[in-house]
Every structure is written in structure tokens, then in C-alpha cells.
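Sharing a sequence plus its predicted fold:
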Amino acid sequence: TAEDHRPHVVLLASPGAGHLIPMAELARRLADHHGVAATLVTLAGLSDPATDAAVLSSLPASVATAVLPPPADVGGCLMYEVMRRFVPQLRALVVGIGSTTAAIVCDFFGTPALALAAELGVPGYVFFPTSISFISVVRSVVELHDDAAAGEYRDLPDPLVLPGCAPLRHDEIPDGFQDCADPNYAYVLEEGRRYGGADGFLVNSFPEMEPGAAEAFRRDAENGAFPPVYLVGPFVRPNSNEDPDESACLEWLDRQPAGSVVYVSAGVPRRAVRPAKDADESACLEWLDRQPAESVVYVSFGSGGALSVEQTRELAAGLEMSGHNFLWVVRMPSTGRLPYSMGAGHGNPMDFLPEGFVERTSGRGLAVASWAPQVRVLAHPATAEFVSHCGWNSTLESVSSGVPMIAWPLYAEQKMNTVILTEVAGVALRPVARGGDGGVVSREEVAAAVKELMNPGEKGSAVRRRARELQEAAVARAWLPDGASHRALEEVAGKWKNAVHEDR
Ligand code: UDP
């Protein structure tokens with residue numbers, strides 16, 4: 001508002017719930033705990049509007065929001081290019097805020113905004129909703145090409161050795177970085193070259209999770225070899241029993257101009273519109289309430305992935321064979337030949353479970369379609385282990401609840417996350433697929449992994465112990481009011497506030 005003279009931070013989220021949700025949480029923390037005004041900027045027309053609205057509506061009134069209309073010609077462009085074309089509008093918004101602008105924060109895709117920050121003389125920061133190791137991969141791409149002839153692209157070495165991380169085999173390198181002929185590759189290189197111009201990085205991770213990588217960046221910041229990296233995670237939405245969404249929707253609407261909001265609901269999956277408590281979600285929690293402590297295997301592959309029909313059947317058979325209790329979020333299988341893919345099809349996923357599976361496992365197993373209240377499931381005392389695709393949010397949620405994992409990565413940077421979980425943090429076991437990576441994980445492997453964590457042998461015991469230790473570290477850092485993650489963000493906010501005051 002016109003009376004608000006607090007230093008003002010502008011946060012630009014690239015499209016997609018996985019980017020928007022953690023950026024929204026960053027904005028909320030800054031506004032509620034660190035004494036700055038925050039405006040969260042999203043881009044219209046590039047992601048599911050109902051999901052965006054659900055996320056934005058759950059923000060407190062302390063965070064302002066702005067939606068930038070799309071430039072005319074972004075159809076078919078890669079995300080990096082799309083973000084670049086939004087910069088003129090972002091400039092207009094920031095110029096409109098004027099001299100109280102304290103910083104611009106973009107994410108991995110939005111680094112063209114760093115040049116804008118430099119031009120306007122305000123600090124420019126990059127927020128990483130994923131691991132510190134991910135920044136290392138981008139740096140490796142840049143280093144590799146800085147010694148190469150201009151315009152010539154080279155693949156990353158196999159294995160890729162990152163400072164402080166276990167070596168990554170070629171297929172464990174995040175998608176988009178594996179093959180220099182990938183159209184994303186040139187953009188990644190450009191992104192990475194802009195990092196030196198950032199004033200700092202904010203990362204949704206914490207040092208106990210990736211100790212070697214954290215230490216490497218600390219040293220580089222000290223030597224001036226790389227901007228400072230502030231570890232502000234893990235962000236996990238609080239586990240409250242009340243459902244803030246309904247009132248948040250109405251409060252958000254109260255802040256919009258008359259006649260300005262398009263309400264979208266038909267045709268959008270119910271979960272995307274309203275990821276809050278509903279009948280199915282309370283059914284999951286009530287079912288868990290009836291299970292003994294630490295008896296349940298929770299199985300979920302996130303919001304984007306899908307197993308093949310054959311892999312879905314094998315997983316079902318493995319859960320059945322293990323003899324343990326389970327809560328399985330079943331997603332529509334993919335129809336492709338590979339054991340997994342991105343994006344689930346339409347239909348009823350329950351139709352793809354083996355004949356009689358639900359009846360035979362009734363009482364000890366609950367299969368739910370598409371979605372479960374994951375943060376609450378992981379925090380529930382009945383939950384003992386998590387079969388996970390290792391998306392970074394799921395990873396942090398599991399770690400924050402002290403739940404050991406069975407790592408089942410699918411795509412994006414999930415295989416690298418698996419290396420961090422199994423080889424660095426030591427909080428996960430990984431079942432082996434038939435014929436190696438890319439093959440089907442057999443029912444025997446599934447059952448053996450589930451049992452190893454439930455009735456632990458040597459490996460399982462070590463993983464369970466590490467999960468408890470890492471949880472303690474996460475809680476001490478991120479959940480206590482004066483924890484190190486809070487202090488790291490306070491340090492950054494302090495710099496931003498000082499910069500505004502010095503300018504006056
Ligand atoms: N999630 C959930 N219920 C589900 C599946 C996912 O609440 O049944 C949430 C989960 O808690 C996490 C997010 O969706 O916060 C998934 O993010 P992640 O980075 O783990 O994976 P992605 O979906 O981006 O692959």
C-alpha cells in the first residue's frame with residue numbers, strides 16, 4: 001500500500017506448483033518473520049490457474065501477489081526463454097514499487113531477472129527449491145564450457161564428480177544436463193553463467209543433509225569464488241489440524257479489485273483446486289489412527305510421475321508379499337513401454353490393481369486414488385517408512401518427520417536426490433531393478449526392501465538411525481524460532497533492509 005514504507009522484496013516464481021509452493025513459503029516467511037514487505041509474482045497462462053489460485057489463496061494477507069500477463073509470442077518456447085521475455089513487465093512492476101525495493105528474488109529459470117536487478121541497482125538473489133548439489137551440477141556445466149571453444153557443446157564427464165557429493169553416474173545427472181544436444185542444455189549454460197552476477201543464493205536444504213556440498217560452497221563464498229549460499233530449509237508446510245484454505249480463499253478474494261478474478265473449477269482435478277482436507281484425506285488419517293505405531297509403509301510417487309501398468313502390478317504384489325501394512329497413493333499408470341513416465345493418464349487408477357488385491361489386503365492395506373495429505377501422513381505415528389520418488393519436497397518432508405525411505409526415483413533430478421539420500425545422508429535404501437536402471441523392480445525386491453526397514457537387519461538399522469538423527473538436525477535448524485535456517489534468512493533480510501536505508 002502507499003503507506004507501506006518497509007523494504008520491499010519482489011519474488012518471481014517460474015510456472016509450476018513445484019516452483020510456486022516453495023517460493024510462496026519463502027515469501028510468507030520473509031513477510032511474517034523478517035520485517036520486509038513481499039510481493040510474489042506469477043506469470044499468467046503458463047500453469048494450471050486453479051492450482052496457482054489454491055497456492056496463492058493460502059498465503060497470509062502479509063504477502064502481496066501480482067500476476068503478469070503473457071507476452072504475445074511465447075508459445076512453444078522453453079521455460080528459460082519464456083522467463084526472459086517477461087523481464088520488461090517485471091521491470092515495470094519493480095519500477096512502480098520505487099525506492100523501497102530491497103531485492104529481486106528469482107528461481108532457477110528466472111535468472112534473466114538478475115540483469116534487471118543489476119540495472120536497477122538492487123540486490124538480485126536466486127532461490128533454489130531443491131538441493132545444493134543441483135547448483136553444483138550447473139556450475140560443472142559452466143566450468144566444462146569455459147575451457148571449450150565458443151559454441152561447442154560437450155557432455156558432462158561420466159561419472160560427474162561434484163565437490164562434497166558422491167560421484168554421479170551419467171544417468172543420475174538431472175534431466176536436461178545429460179546430453180549436450182538437448183535443447184535445454186544451451187539455456188542451462190546461459191543460466192549458470194549468470195550465477196556469478198547474483199548477490200546470493202537461497203536454498204531449500206540444510207547442511208546436515210548435504211554436508212560436503214554445503215562446506216564446498218561455504219569455502220567458495222569465503223574465497224570470493226562464488227556468491228554466498230544461504231541454507232534456509234527445510235521448508236515443510238506446518239502440520240496443523242485446522243484447514244486454513246476456505247477462509248484463505250475468501251480473504252484473498254477480499255484483496256482483489258471488484259470483477260477482476262476468473263474462478264476456474266470445472267474440468268480441473270479436484271485435488272489441484274483444493275489440496276485441503278476433504279473426505280478422502282480424513283479417511284487416510286482416520287485409517288492411520290487405527291494402525292499400530294510404526295507399522296505402515298506409505299507409498300507415493302509425487303504429483304507428476306506414473307509407473308507402467310506392469311510396474312504398478314509388481315509393486316502391488318510386492319506390498320502384498322511383504323505382509324506389512326501400507327497406505328498407497330495409486331496414480332493412473334502410463335501406457336508407455338518404460339517402467340515409468342512423466343504425467344499420469346486419465347481414468348480410475350484402481351482399475352489397474354491386480355484382481356482381488358484390495359479384498360486380500362483389506363484391513364492392513366489402504367489404496368487411495370491420486371492424492372493423500374502427505375505431510376500429515378508422514379508425521380503420523382503409525383507411519384514407519386516411505387516408498388518415494390524422491391522429489392525434493394517429499395524428501396524434506398520425510399526427513400523432517402524422521403521417516404526412513406525406500407528410494408524409487410523416476411525423472412528430473414530425482415536420481416541425484418537418491419544419491420544424496422542413500423550415499424550422503426544415509427536415510428534411504430534403494431531396490432534394484434531387473435536388468436539395472438530403467439528395468440522393472442520385481443515384487444521380491446519391493447517386499448525385501450520393505451521388510452529390511454520394518455524388521456531391520458544391519459543396513460535397515462543404520463538407515464533408521466540416520467533418519468532419526470537427520471530429523472533432529474532438521475527440527476533444530478528449521479522448526480525452532482532461533483534455528484540456523486531462520487537466522488540465515490534474517491541475515492539476508494538484514495542486508496536487504498540496510499541497502500534500502502543506505503540509499504536514502
Ligand atoms: N503430495 C501430497 N500428496 C500426494 C502426493 C504429493 O500432498 O499424494 C505433495 C507432497 O507432500 C509434496 C508435493 O506434493 O509437497 C510433491 O512435491 P515433490 O517435490 O516431492 O515432487 P513432484 O510432485 O514435484 O514430483
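All right, it came through fine.

Sketch out the helices for the stretch 251-400 of the chain, chain order is fine.
Remark: helices assigned in the stretch 251-400 of the chain by DSSP state H, counting those that start in this stretch are 270-273, 279-289, 309-322, 357-360, 374-379, 392-400.

Buried deepest among the ones you listed, which one?
Neighbour counts (mean count of other CB atoms under 10 Å) averaged over each of these peak at helix 392-400, with a mean of 25. All C-beta spots, glycine's among them, are computed from the backbone N, C-alpha and C.

tell me what that one is packed against?
helix 17-33, helix 374-379, strand 383-388, helix 458-474 (3 or more CB pairs under 8 Å, 6 or more residues apart in numbering; DSSP states H and E).

Turn those into JSON lines, including distance to the ligand and mean pLDDT.
JSON lines is the format used below for the helices and strands packed on helix 392-400 (distance: least, CB to the nearest ligand atom, whole Å; pLDDT from 0 to 100):
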{"stretch": "helix 17-33", "distance to the ligand": "4", "mean pLDDT": "93"}
{"stretch": "helix 374-379", "distance to the ligand": "3", "mean pLDDT": "95"}
{"stretch": "strand 383-388", "distance to the ligand": "8", "mean pLDDT": "98"}
{"stretch": "helix 458-474", "distance to the ligand": "15", "mean pLDDT": "97"}
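
re the thing from before, relative to residue 331, which of the helices of the stretch 251-400 of the chain is closest?
Nearest of the helices of the stretch 251-400 of the chain to residue 331, taken as CB to CB: helix 309-322 at 8.5 Å.

Show me what that closest one is packed up against.
strand 296-300, strand 325-330, helix 357-360, helix 443-454.

still on that earlier bit, tell me which of the helices and strands packed on helix 392-400 sits most buried.
Ranked by average neighbour count under the criterion mean count of other CB under 10 Å, the helices and strands packed on helix 392-400 are headed by strand 383-388 at a mean of 26.

Kindly calculate the angle that that one makes with strand 296-300.
In terms of direction (axes from the mean of the first three to the mean of the last three CA atoms, to 10 degrees), strand 383-388 departs from strand 296-300 by 20 degrees.

The closest residue in space to residue 203 that isn't next to it in sequence: what's it in contact with?
Excluding its sequence neighbours, the residue lying closest to residue 203 (CB to CB, 6 or more residues apart in numbering) is residue 128, at 4.5 Å. Residues counted as contacts of residue 128 (CB atoms under 8 Å, 6 or more residues apart in numbering) are 107-108, 134-135, 201-205.

how about a cut-off of 7 Å?
Counting by CB atoms under 7 Å, 6 or more residues apart in numbering, residue 128 touches 108, 134-135, 201, 203-204.

Sketch out the low-pLDDT regions of the stretch 51-200 of the chain for me.
148-151 (pLDDT under 70).

Quick one: the helices in it, in order.
Under DSSP H, counting those that start in this stretch, the stretch 51-200 of the chain gives helices at 79-85, 87-97, 112-120, 132-146, 183-194.

for those, which one sits closest to residue 233?
Of all these, helix 132-146 sits nearest to residue 233, with 9.7 Å by CB to CB.

That closest one: which residues count as buried?
By neighbour count on 16 or more other CB atoms under 10 Å, the buried set for helix 132-146 is 132-142, 144-145.

and of these, the nearest to the ligand?
residue 134 (12.4 Å; CB to the nearest ligand atom).

could you pull out the strands for the stretch 101-250 of the chain?
Ranges of strands in the stretch 101-250 of the chain, per DSSP state E, counting those that start in this stretch, are 101-107, 124-128, 200-203, 229-231.

Using CSV, write out every CA atom in the longest one.
As requested, C-alpha coordinates have been extracted for strand 101-107 and formatted as CSV (Å, rounded to 0.1, in the frame of the first residue of the first chain):
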residue,chain,number,x,y,z
THR,A,101,12.6,-2.1,-3.5
ALA,A,102,15.1,-4.1,-1.4
ALA,A,103,15.8,-7.1,-3.6
ILE,A,104,14.6,-9.2,-6.5
VAL,A,105,14.5,-13.0,-5.9
CYS,A,106,14.1,-15.3,-8.9
ASP,A,107,14.3,-19.0,-9.2
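
and that strand with strand 124-128, angle?
40 degrees.

Get me the contact residues on the stretch 401-504 of the chain for the ligand.
For the stretch 401-504 of the chain, the contact set with the ligand under CB under 6 Å from any ligand atom is empty.
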